[in-house]
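Asker: the following comprises the amino acid sequence and a computationally predicted model.
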Amino acid sequence: MWRGGQIPLHPGRVARRRCRRFRPVTWENIAAGSLGRMNVAQTRRFASTFGTLAWFTALAGQAWRNLLGWWGYGVIVVVILALAVLVLRTERPAWNWGHAPKLPLAFLALTVVSISWSAYPAESALAATTTGATLFIAMSLALSLDWRQLIVTLARAVWSILALSFGFELVVAVFVRQRVLPLVPDFDPTQPNLPAAFSWSRGLLFHGGPIDGVVANRNLLAMLALIGVIVFACLLAAHEGARGFALSGLVMAVLGLLLTRSATVLLTAALVAVALGFALWARQFGNHRRRLYITAGALLVASVTFAAVGWRWVVGLLGRGDDLTGRTDIWNKVIELAGERTVAGWGWISYWVPWVKPYAGLAQRNGVTYLQAHNAWLDLWLQVGLIGLTVFVLLAVTSLWATWFLAVDPPLTAAGTSAPYTALSLVPFLLLVALIGQSFGESRLLSEGGLLLLLVIAWATKRHRWEPDAIAGRLRPADARLSSRR
């Protein structure tokens, strides 16, 4: 007998229902709208795959452009945007505008409004669209993946980029034995005396570098290597994932730092090491950190004073001239231009467009036209004035402040009790320190991978305030029992 007047289903119907519930992820099912009927495991795998592809494309966009050109790269970005929509549809995360970070949205609104006074409105409209797309992808990542999944997907993307870079450089060094140009160049490859900066690879692996990897830029590859050192080292310390994966990634990342020989990233790495030391020290103080903050402030003042007094010695130690490879000339020109439109700027453009004023011929060196100010904060002042600079500084500082407490405060379980510290909670803070350190010598923070990292961290840390157990990951039963006794 059955209870409550319920009529038992025919066994065949039950089987068919179970089959429908476990449909595989295929393009046919996506087109038919069956993503909404995926089970939890399939949904997780789909979101994880999307996350890895999004990180890879944002961090290695130049590899796609060298391989497929700008149009091919645009198609890939459209596909990623479509996947972001599908992920949000399948995950259906809880949404509350009160929990959304306001500063990223305020900055996006400012880039859109800047079209009205821009000296190049069409280019500003395109730049605001790409910034909005980056924010949407960041929001999709932060809402569909928890902290652990964000870190793991980032690690997979960086591992893939580093492995492809070393494989690419090895093939060029062994078989080609000369520099390689992009397959779809955005310049005339037949012109005489092509600058070395136009190369995809210069084939210098067996000469000790500097190597450029698939991203075609040693500074960019060095920054990816630094991100890899942070992520893989923390994964190893937290005993997360496959040890061989993290260990091989860490080895590639360290080799990448050594073979790129980027002065900017080496200085940034030193800054990250100091930040890590303070974060680990702060964990020992609990909530009584006044002495720590006083020490940090004194060290900051001493570092700035030393840099100002011993500037020539510092740049000489790094093998750079007093002009920092032409950066000071670019900075002086940018400051002069920004002074003409101090408050609101010339209009948002992100990457400079070399065919419009005032960027045409603004930064040229050894036959190469540079499309950035090599300083994110000067670039912001130039493009969106003191208004935009203030909003972006607030975004960076508040995000850094949030990740600091995420790194040094004990994580909480779902029950609200303290859990053991995890190395994974250091990752957002150290990544943001690296981005800010790099921003004083590069403008990568305003576009592609740099901007995506900043926005994901800003969004995810805001979400963490309402879901305090997200960074704690999966506690083993023994750990849960120990933490509940504290």
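Answerer: Structure's in. What do you need? The structure presented is a predicted model; accordingly, all values stated were derived computationally and were not measured.
Asker: drop to CA atoms for contacts and neighbour counts, all remaining ones
Answerer: Will do.
Asker: top helix in the chain by residue count?
Answerer: Across the chain, the helix with the greatest residue count (assigned by DSSP state H) is helix 376-408.
Asker: what's next to the next helix or strand after it, contact-wise?
Answerer: Reading on from helix 376-408 to the C-terminus, the next helix or strand found by DSSP states H and E is helix 427-438. Helix 427-438 is touched from outside by 151, 226-227, 230-231, 234, 264-265, 267-269, 271-272, 275-276, 396, 400, 403-404, 406-407, 444-445, 450, 454, 457, with contacts defined as CA atoms under 8 Å, 6 or more residues apart in numbering.
Asker: can you flag the buried ones in these?
Answerer: When neighbours are counted using 16 or more other CA atoms under 10 Å, the contacts of helix 427-438 contain these buried positions: 151, 226-227, 230-231, 234, 264-265, 268-269, 271-272, 275-276, 396, 400, 403-404, 406-407, 444-445, 450, 454, 457.
Asker: just the element for the closest residue to V408 other than its chain neighbours, please.
Answerer: Setting aside the residues directly before and after it, V408 is nearest to R283 in space (CA to CA, 6 or more residues apart in numbering), at 5.1 Å. Using DSSP H and E, R283 sits within helix 263-285.
Asker: where does pLDDT dip in this protein?
Answerer: 1-40, 286-287, 307-325, 412-416, 464-486 (pLDDT under 70).
Asker: which residues touch the spatially most central residue of it?
Answerer: Most central residue of the chain, judged by C-alpha distance to the mean C-alpha position with CA atoms, centre = their mean, is L453 at 2.9 Å. Taking CA under 8 Å, 6+ apart as the definition of contact, the neighbours of L453 are A138.
Asker: for it, helix, strand, or coil?
Answerer: On the three-state scheme (DSSP: H, G, I helix; E, B strand; the rest coil), L453 is labelled helix.
Asker: compute the distance between it and P410, please.
Answerer: When CA to CA, to the nearest Å is applied, the distance between L453 and P410 equals 24 Å.
Asker: and what of S425?
Answerer: 9 Å.
Asker: so these two - more neighbours on which side?
Answerer: Under the neighbour definition other CA atoms under 10 Å, S425 and P410 were set side by side, and S425 has more, 27 against 18.
Asker: neighbours of L164, just the number please.
Answerer: By the criterion of other CA under 10 Å, L164 has 15 neighbours.
Asker: just G74 next, same as before
Answerer: By the measure other CA under 10 Å, the count of residues near G74 is 14.
Asker: start the count at 42, not 1, going forward
Answerer: Got it, first residue is 42 now, which makes that one G115.
Asker: let me know the secondary structure of it.
Answerer: Put simply, G115 is helix when judged by three-state DSSP.
Asker: go on, P226?
Answerer: Taken by three-state DSSP, the conformation at P226 corresponds to coil.
Asker: sort out which residues of stretch 104-118 are buried, please.
Answerer: 104-111, 114, 117-118.
Asker: same question, stretch 127-139
Answerer: Using 16+ other CA under 10 Å as the test for burial, stretch 127-139 gives 127-129, 131-132.
Asker: same check, this time on stretch 374-389
Answerer: Under the neighbour-count criterion of 16+ other CA under 10 Å, stretch 374-389 has 375-376, 378-379, 382-389 buried.
Asker: residues in contact with the closest residue to T301 other than its chain neighbours?
Answerer: Closest residue to T301 apart from its sequence neighbours, by CA to CA, 6+ apart: P251 at 4.5 Å. The contact partners of P251, by CA under 8 Å, 6+ apart, come to 245, 259, 300-302.
Asker: output the residues you listed as TSV; include the columns neighbour count.
Answerer: Rendered in TSV, the data for the contacts of P251 read as follows (neighbours: other CA atoms under 10 Å):
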residue	neighbour count
L245	19
R259	24
L300	21
T301	25
R302	19
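Asker: nearest to T171 among these?
Answerer: Distance ranking of the contacts of P251 against T171, using CA to CA, places R259 first at 24.7 Å.
Asker: now the closest one. Nearest residue, chain neighbours left out?
Answerer: With CA to CA, 6+ apart as the measure, D253 is the residue that lies nearest to R259, at 4.3 Å, once sequence neighbours are left out.
Asker: just checking, the one you found touches L246?
Answerer: No - with contact defined as CA atoms under 8 Å, D253 does not reach L246; the gap is 9.4 Å.
Asker: neighbour count winner among the two?
Answerer: Using other CA under 10 Å as the criterion, D253 and L246 rank with D253 on top: 28 against 21.
Asker: kindly provide the distance from that one to I376.
Answerer: Computed as CA to CA, the D253 to I376 distance reads 30 Å.
Asker: next one: F207
Answerer: Shown here: F207 relative to I376, a distance of 38 Å by CA to CA.
Asker: for L333, same thing?
Answerer: Applying CA to CA, the value for L333 to I376 is 36 Å.
Asker: I'd say A499 and S440 touch.
Answerer: Yes - assessed by CA under 8 Å, A499 is found in contact with S440 at 5.3 Å.
Asker: the two: who's more crowded?
Answerer: The residue with more neighbours, out of A499 and S440, is A499; 28 against 24, by other CA under 10 Å.
Asker: need the contact list for that one.
Answerer: Contacts of A499 (CA under 8 Å, 6+ apart): 142, 145, 436, 440.
Asker: kindly recompute the last result at 10 Å.
Answerer: By CA atoms under 10 Å, 6 or more residues apart in numbering, A499 lies in contact with 141-145, 179-180, 183, 436-437, 439-441, 443-444, 469, 473, 493.
Asker: so it sits in a helix?
Answerer: Yes - under three-state DSSP, A499 sits within a helix.
Asker: measure it to Q83 for me?
Answerer: Between A499 and Q83 the computed distance is 27 Å (CA to CA).
Asker: same question, G429
Answerer: G429 sits 41 Å away from Q83, going by CA to CA.
Asker: between the two, which has more neighbouring residues?
Answerer: For the pair G429 and Q83, the greater number of neighbours falls to G429 (25 against 17), based on other CA under 10 Å.
Asker: looks like the more buried one contacts P145 (just checking).
Answerer: No - the pair formed by G429 and P145 falls short of the contact definition of CA atoms under 10 Å, at 11.2 Å.
Asker: between the two, which contacts overlap?
Answerer: Shared contacts of G429 and P145 (CA under 10 Å, 6+ apart): 151, 435.
Asker: enumerate every residue touching F433.
Answerer: Taking CA under 10 Å, 6+ apart, one finds 144-145, 147-148, 418, 421, 427, 439, 487 in contact with F433.
Asker: list just the nearest of those residues to F87.
Answerer: Using CA to CA, the shortest approach to F87 within the contacts of F433 belongs to P145, at 26.3 Å.
Asker: that closest one: how many residues sit nearby?
Answerer: Burial measure for P145: 21 neighbouring residues, criterion other CA under 10 Å.
Asker: can you tell me the SS state at it?
Answerer: Applying three-state DSSP to P145 yields a three-state assignment of helix.
Asker: the stretch 42-191 of the chain: helices as residue ranges?
Answerer: Across the stretch 42-191 of the chain, reading from the start of the chain, the helices by DSSP state H, counting those that start in this stretch fall at 52-62, 68-72, 81-100, 102-132, 143-154, 162-185, 188-212.
Asker: for G338, which of those helices is the nearest?
Answerer: Each of those has some distance to G338 by CA to CA; the shortest is helix 143-154, at 26.2 Å.
Asker: return the distance of the closest one from the chain's centre.
Answerer: Relative to its chain's centre, helix 143-154 lies at 19 Å (CA atoms, centre = their mean, to the nearest Å).
Asker: now swap in stretch 416-425 and tell me
Answerer: Distance of stretch 416-425 from its chain centroid, counting by CA atoms, centre = their mean, is 19 Å.
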